[in-house]
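In: next one to model:
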Amino acid sequence: QVQLVESGGGLVQPGGSLRLSCAASGFTFSAYAVNWYRQAPGKERELVASISSAGGSTNYLDSVKGRFTISRDNAKNTLYLQMNSLRPEDTAVYFCNAWRRTIANVLYDYWGQGTQVTVSS
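Out: From the prediction side, this is the model:
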């Protein structure tokens with residue numbers, strides 16, 4: 001059974017830090033690229049950060065560059081998002097997503113249930 005389980009969300013003051021984790025099971029995590037998305041109330045889901053299957057390539061939403069760091073530990077089947085200098089506009093539900101496309105062009109796309117991050121004084 002495929003599972004992605006996020007944790008680490010919560011309430012933090014502006015300028016604070018949080019570290020999100022996403023534990024993967026039921027599939028070969030190391031073969032998948034993984035992403036962090038977020039969705040704020042009334043807004044569309046947006047891609048925050050992505051990392052390649054081996055971890056050698058990362059990309060970030062412009063508004064989080066220099067503040068957020070995505071990483072993964074394939075030995076532990078876990079994805080991370082270190083979030084520093086948090087702002088109220090970072091408030092959202094954060095989702096992890098793992099995907100791969102086979103040579104036969106079959107897409108495997110898995111999502112976690114999300115974890116709430118609230119930045120407020």
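In: only C-alpha atoms from now on, for both contacts and neighbour counts.
Out: Will do.
In: centroid-nearest residue for this structure?
Out: In the chain, the residue lying closest to the centroid (C-alpha atoms, centre = their mean) is W36, at 2.4 Å.
In: from the middle of its chain, how far away would the helix or strand containing that one be?
Out: Using DSSP states H and E, W36 sits in strand 33-39. Centre-to-centre, strand 33-39 and its host chain are 4 Å apart (C-alpha atoms, centre = their mean, to the nearest Å).
In: helices and strands around it, which ones?
Out: Strand 33-39 is packed against strand 46-51, strand 92-101, with contacts defined by 3 or more C-alpha pairs under 8 Å, 6 or more residues apart in numbering; DSSP states H and E.
In: who wins for proximity to Q82 among those?
Out: strand 46-51 (10.8 Å; C-alpha to C-alpha).
In: picking that back up, report the beta-bridge partners for the residue nearest to the centre of the chain.
Out: For W36, the beta-bridge partners are A49, C96 (DSSP bridges).
In: contacting residues around it?
Out: 47-50, 81, 94-97 (C-alpha atoms under 8 Å, 6 or more residues apart in numbering).
In: how far away is it from L81?
Out: For W36, the distance to L81 equals 8 Å [C-alpha to C-alpha, to the nearest Å].
In: how close does the most far-flung residue of the chain relative to its centre get to Y110?
Out: For the chain, the residue at maximal distance from the C-alpha centroid (C-alpha atoms, centre = their mean) is A104, at 26.8 Å. Remark: distance between A104 and Y110 (C-alpha to C-alpha) = 18 Å.
In: how about the strands in this protein?
Out: Under the criterion DSSP state E, the chain carries strands at the ranges 3-7, 10-12, 18-25, 33-39, 46-51, 58-60, 68-73, 78-83, 92-101, 107-111, 115-119.
In: angle of the third one against strand 68-73?
Out: Strand 18-25 and strand 68-73 are oriented at 30 degrees to each other (axes from the mean of the first three to the mean of the last three C-alpha atoms, to 10 degrees).
In: okay then, goodbye and thanks.
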